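*Asks:* Need a 3D model of the sequence below.
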Amino acid sequence: MIRFYLVLCLTIIINSLTAQNKAAVQLVPVDTGWAKNSVNAVVFRKNSLVTFRDTQFIAYYNNNRFVVLGKRRSGTAKWLLQQTPYQGNAADAHNTICIMVDGDGYLHIAWDHHNNPLNYCKSIYPGSLELTGRLPMTGSNEQKVTYPEFYKIRGGNILFFYRNGASGNGNLVINEYAVNTKKWITVQSSLVDGEGKRNAYWQACTDVSGTIHVSWVWRESPDVASNHDVCYARSRDGGKTWEKSTGEQYTLPINAASAEYICKIPQKSELINQTSMVADEAGNPFIATYYKEADGTIPQYHVIYKTGREWNVQNLGFRTSPFSLSGVGTKRIPISRPQIITWKTEKRLSTAVIFRDAERGDKVSVATCNNIKKKKWSVADLTPDGLGSWEPSYDTELWKEKGILNVFIQNVVQADGEGNSGTAPQLVQVLEWDPKNKK
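*Replies:* Take a look at the predicted model:
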């Protein structure tokens, strides 16, 4: 009888926790989109979703490779969608769409880039889904654009990061759009210089004080196995001058000899490129990535962060299956690159890493640490079904301004090396999750 009641109580607890988790997660359908590879659902989309005041915008390729824009009033499920006149080579998973809204409410969009001329335009008026014709930015260094990313900074201006050059031989360029002049200027024509020998694969974020944080891995060749080390830089003046985490000023451009190495990782460590970073309320940087440690055989998710004088690394350590990264092009990998968020609960700093792993059925999963000092992580799934080769991207502005997490999700299938999987169009959805109320 005692055993019966113990089982009954345990069942009630499990059902209660499951119900709470389901209640905390909402899936909002949008429309079907291109799913023959992962171009709609790669981690380096900045942004796939973006909120300005009470309106959220979304962008993706449909099955005919046209760029589709959409918007909805925050908190509602009804989307207004519009197919634009612009197409992209969606068969190449590098050729992502990124969007951002400036301080005046104009939507900016860049799409279809893999070592080709700039494709950029903006809305014809604030809040509109109608776009201008193709526009230049500065007119310089715009012929070999890859990895476009927008970031909003204080005052409503926006930054545009991109690689000028090819894999293994490219430089990081930063442009700035000013809302008062409605013009672009070059802030850095080569912030991180590969010196013709290598290039930096970066991730970036801006914090509440306006500081820009950038971290990167070096790649020595187009082969992903040549990724190594993690480096860091920050700017407190909108990208004009840069310093190390110690405050030591950089002489620009930053190169392999002058960079601050915050985590030494040798080549052939299954170190992935272009993951994510975030800054907490105090401006401390947190970086999420994965790699295999020197004495290990299994690539594990890691969090690299600095909340005091020293850089720290936490190995989440929950994965059990090995894999190897090598070769060129977009790889079919059993785990996704991660996204990372942080938030403060009373005096504790909480952290969550959002990811996908074949070990967990390729669902949207999250590893959560309720107190980063305690180094205790728990792992849970946020969706019941798998999403193929999906990687997470989220509405950075909504998270920064309101602490609400909205994630772009779609079931996509990536064939190795830019192959076409032939997958039929799949539903684009927005996953809404409140990690602060996670039980």
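
*Asks:* all contacts plus neighbour counts: C-alpha atoms, from now on.
*Replies:* Will do.

*Asks:* Just the C-alpha atoms of stretch 252-265, please, in CSV.
*Replies:* Extracted C-alpha coordinates of stretch 252-265, given in CSV (Å, rounded to 0.1, in the frame of the first residue of the first chain):
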residue,chain,number,x,y,z
LEU,A,252,43.6,47.8,-35.2
PRO,A,253,43.2,45.6,-37.0
ILE,A,254,43.3,42.8,-34.5
ASN,A,255,45.3,39.8,-35.8
ALA,A,256,46.4,36.4,-34.6
ALA,A,257,49.4,37.8,-32.7
SER,A,258,47.5,40.7,-30.9
ALA,A,259,44.2,39.0,-30.1
GLU,A,260,43.2,38.2,-26.5
TYR,A,261,42.9,34.4,-26.3
ILE,A,262,40.3,33.6,-23.7
CYS,A,263,40.1,29.8,-24.3
LYS,A,264,43.0,27.9,-26.0
ILE,A,265,41.6,25.1,-28.1
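
*Asks:* So for that stretch, mean pLDDT?
*Replies:* Stretch 252-265 shows a mean pLDDT of 97.

*Asks:* ok, and what's touching that stretch?
*Replies:* 190-195, 228-233, 242, 244, 250, 271, 293, 304, 311, 313 (C-alpha atoms under 8 Å, 6 or more residues apart in numbering).

*Asks:* Those residues in strands, which ones?
*Replies:* Among those, the members found in strands (DSSP state E) are His228, Asp229, Val230, Cys231, Tyr232, Ala233, Ile304, Val313.

*Asks:* List buried residues within the residues you listed.
*Replies:* His228, Asp229, Val230, Cys231, Tyr232, Ala233, Ile304 (16 or more other C-alpha atoms under 10 Å).

*Asks:* Gln188 and Val173 touch, don't they?
*Replies:* Yes: applying C-alpha atoms under 8 Å, one finds Gln188 in contact with Val173, separated by 5.5 Å.

*Asks:* So which of the two has more stuff around it?
*Replies:* Using other C-alpha atoms under 10 Å as the criterion, Gln188 and Val173 rank with Val173 on top: 22 against 18.

*Asks:* returning to what we had before: with distance to Glu401 and pLDDT added, can I get the buried ones among the ones in strands among the contacts of stretch 252-265 in TSV?
*Replies:* Shown next, in TSV, are those (distance: C-alpha to C-alpha, whole Å; pLDDT from 0 to 100):
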residue	distance to Glu401	pLDDT
His228	34	97
Asp229	32	98
Val230	28	98
Cys231	28	98
Tyr232	25	98
Ala233	24	98
Ile304	24	98
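
*Asks:* Against which helices or strands is the helix or strand where Gln26 lies packed?
*Replies:* Following DSSP states H and E, one finds Gln26 within strand 25-33. Contacts defined by 3 or more C-alpha pairs under 8 Å, 6 or more residues apart in numbering; DSSP states H and E place strand 25-33 against strand 426-433.

*Asks:* In this model Phe408 seems to touch Trp433, though I could be wrong.
*Replies:* No: here Trp433 does not reach Phe408: they are 11.5 Å apart, not a contact under C-alpha under 8 Å.
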